[in-house]
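Chemist: Requesting a structural model of the entry that follows:
(one chain, ligands or ions: 4)
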Amino acid sequence: MRSTKMIAVLGLVLASCQTTTNEPELRTNLPPISMEKADLNNDGVLDREEFDQRLEVLFELRDGDNDDELVPSELPKVNPEAFDQADQDDSGRLSKEEYLYLRDLDFNRLDTDEDGTLYRQELFKW
Ligand SMILES: [Ca+2]
Ligand SMILES: [Ca+2]
Ligand SMILES: [Ca+2]
Ligand SMILES: [Ca+2]
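Modeler: Ligands and ions are numbered 1, 2, ... in the order given. Reported below is the predicted structural model:
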């Protein structure tokens, strides 16, 4: 009897967790950020600054024609839904600002404890 009660309590806890996230998690399908490359001060944690600095590098790498905007062909694997959401002026291209927003979707999805930094365990869920 005790175990069924436990399960009931657990079910309630899970249900309340689900109601706190009202937006569906949007996967961008962007390749994961490498902790080794991004963790500049080697403390095993990615803070927002390190994350953004790494993104600047990745943006340059992806922008094959150097026009400071990314078109879908420069981001072949990105989920079109996420691309549209990030393309705030509907230009069909992502400026650096819009690209950072796209990455923001990942950051927020991964930062499950919402402390503004990504731990190795959080990166694993990419
Ligand atoms: Ca760090
Ligand atoms: Ca470009
Ligand atoms: Ca745009
Ligand atoms: Ca975190």
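Chemist: how about the nearest residue to residue 58, chain neighbours excluded?
Modeler: residue 33 (7.9 Å; Cβ to Cβ, 6 or more residues apart in numbering). For glycine as for every other residue, the C-beta is placed from the backbone atoms N, C-alpha and C.
Chemist: Quick check, that neighbour in contact with residue 46.
Modeler: Yes - counting by Cβ atoms under 8 Å, residue 46 is a contact partner of residue 33 at 7.1 Å.
Chemist: show me the contacts for the residue nearest to residue 58.
Modeler: Neighbouring residues of residue 33 by Cβ atoms under 8 Å, 6 or more residues apart in numbering: 46, 51, 54-55, 58, 123, 126.
Chemist: Now rank those by neighbours and give me the top one.
Modeler: residue 46 (26 neighbours; other Cβ atoms under 10 Å).
Chemist: Next secondary structure after the helix or strand bottoming out on mean pLDDT in the chain?
Modeler: Within the chain, no helix or strand scores below helix 2-20, which has a mean of 56 by mean pLDDT, DSSP states H and E. Next helix or strand after helix 2-20 toward the C-terminus (DSSP states H and E): helix 35-38.
Chemist: Run through the residues that contact the residue positioned nearest the centre of the chain.
Modeler: Closest to where the C-alpha atoms of the chain average out (Cα atoms, centre = their mean) is residue 106, at 0.7 Å. When contacts are counted by Cβ under 8 Å, 6+ apart, residue 106 is found next to 28, 30, 126.
Chemist: what's the closest non-adjacent residue to residue 81?
Modeler: Per Cβ to Cβ, 6+ apart, closest to residue 81 is residue 26, 6.6 Å.
Chemist: I meant to write residue 122 there.
Modeler: Counting by Cβ to Cβ, 6+ apart, the residue nearest residue 122 is residue 110, at 4.9 Å.
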